[in-house]
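A.B. asks: Let's see this in three dimensions:
(one chain, ligands or ions: 1)
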Amino acid sequence: MSQNVQRACVFLDRDDTIIANESVTRHTATPGDLFDPKLVQLLPGAAEGLRILRGHGLALIVVTNQGGIAQGFGTHADVERVNTRMRELLRNQGCDVDAVYFSPYRPIRDGKHGPHGPNLQYAMEHASRKPGPGMLLQAAREHDLDLARSWMIGDARRDVEAGINAGLEASHCLLIASTKHATGGFADLLAAARHVDARLRGEA
Ligand SMILES: [Mg+2]
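C.D. replies: Now for the predicted structure:
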């Protein structure tokens, strides 16, 4: 019987990591929540970064909090349409991801919700919502991933924390700078991908 070899993976945040969020939703009714596929724009260097990571044979899996569903700002179908558009744009640039996982959960503590009220089914904290590790652990089961050799790249502390909570090495959880959370050590996804590339080549 052939031995099953687990793949290493790069988990990727979606919003303000692969596609623009803040800049395109700032003037909409729901800043921070992107539910319109017409607004999807790849960030500069994102596709190139993903191609570099793919060059190492790494699985690429997007894990994104979409708590706007809990708030009643959008639906699962809206998120799927945005994800489909993102993947279409990535394929146009010669790359794609293996899967996109999203968490519809969000506790509604601030009273912010859509015109029809919050979606109470999802208006709660949940292990799948980053910094919870749920999406990463589910992906590891479904895609036979080796978490010990995997990476996380995102623009928010909770992305890094989700990686650590899933058991990734802390030095494999990379924070990138973005418009909202300008604390990252890497300018963007491309810079983070170049770091992973250097580490895997034994150069950093
Ligand atoms: Mg983000």
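A.B. asks: Where does pLDDT dip in the protein?
C.D. replies: 1-4, 178-184 (pLDDT under 70).
A.B. asks: hey, where'd the helices end up in it?
C.D. replies: Taking DSSP state H as the criterion, the chain carries its helices at 22-25, 46-54, 68-71, 76-92, 134-143, 157-165, 189-200.
A.B. asks: Switch those over to a markdown table; also include mean neighbour count.
C.D. replies: (Glycine included, C-beta is placed from N, CA and C.) Shown next, in a markdown table, are the helices of the chain (neighbours: other CB atoms under 10 Å):
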| stretch | mean neighbour count |
| --- | --- |
| helix 22-25 | 17 |
| helix 46-54 | 22 |
| helix 68-71 | 24 |
| helix 76-92 | 17 |
| helix 134-143 | 18 |
| helix 157-165 | 21 |
| helix 189-200 | 20 |
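A.B. asks: Between those helices, which one is closest to the ion.
C.D. replies: Nearest to the ion, of all these, is helix 157-165, at 6.6 Å by CB to the ion.
A.B. asks: what comes into contact with that closest one?
C.D. replies: When contacts are defined by CB atoms under 8 Å, 6 or more residues apart in numbering, helix 157-165 is touched by residues 11, 13, 17, 63, 65, 130-133, 135-136, 151-154, 170, 172-175, 181, 183.
A.B. asks: Would you format the helices of the chain as CSV with distance to Val5 included?
C.D. replies: Shown next, in CSV, are the helices of the chain (distance: least, CB to CB, whole Å):
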stretch, distance to Val5
helix 22-25, 39
helix 46-54, 17
helix 68-71, 36
helix 76-92, 26
helix 134-143, 13
helix 157-165, 22
helix 189-200, 16
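A.B. asks: okay, these in a markdown table with distance to the ion next?
C.D. replies: Shown next, in a markdown table, are those (distance: least, CB to the ion, whole Å):
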| stretch | distance to the ion |
| --- | --- |
| helix 22-25 | 9 |
| helix 46-54 | 12 |
| helix 68-71 | 13 |
| helix 76-92 | 13 |
| helix 134-143 | 13 |
| helix 157-165 | 7 |
| helix 189-200 | 11 |
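A.B. asks: Pull out the buried members of the contacts of helix 157-165.
C.D. replies: For the contacts of helix 157-165, a burial check counting by 16 or more other CB atoms under 10 Å picks out 11, 13, 17, 63, 65, 130-133, 135-136, 151-154, 172-175, 181.
A.B. asks: I'd say Ala139 and Val63 touch.
C.D. replies: Yes. Using CB atoms under 8 Å, Ala139 makes contact with Val63 at a distance of 7.0 Å.
A.B. asks: Mutual contacts of those two, please.
C.D. replies: Common neighbours of Ala139 and Val63 (CB under 8 Å, 6+ apart) are 11, 101.
A.B. asks: Return the residues in contact with the closest residue to Gly49 other than its chain neighbours.
C.D. replies: Excluding the flanking residues, the one nearest Gly49 by CB to CB, 6 or more residues apart in numbering is Ala193, at 3.5 Å. Counting by CB under 8 Å, 6+ apart, Ala193 makes contact with 48-50, 52-53, 153.
A.B. asks: Farthest-apart pair in those, please.
C.D. replies: Comparing every pair within the contacts of Ala193 by CB to CB identifies Glu48 and Ile153 as the most remote, at 13.7 Å.
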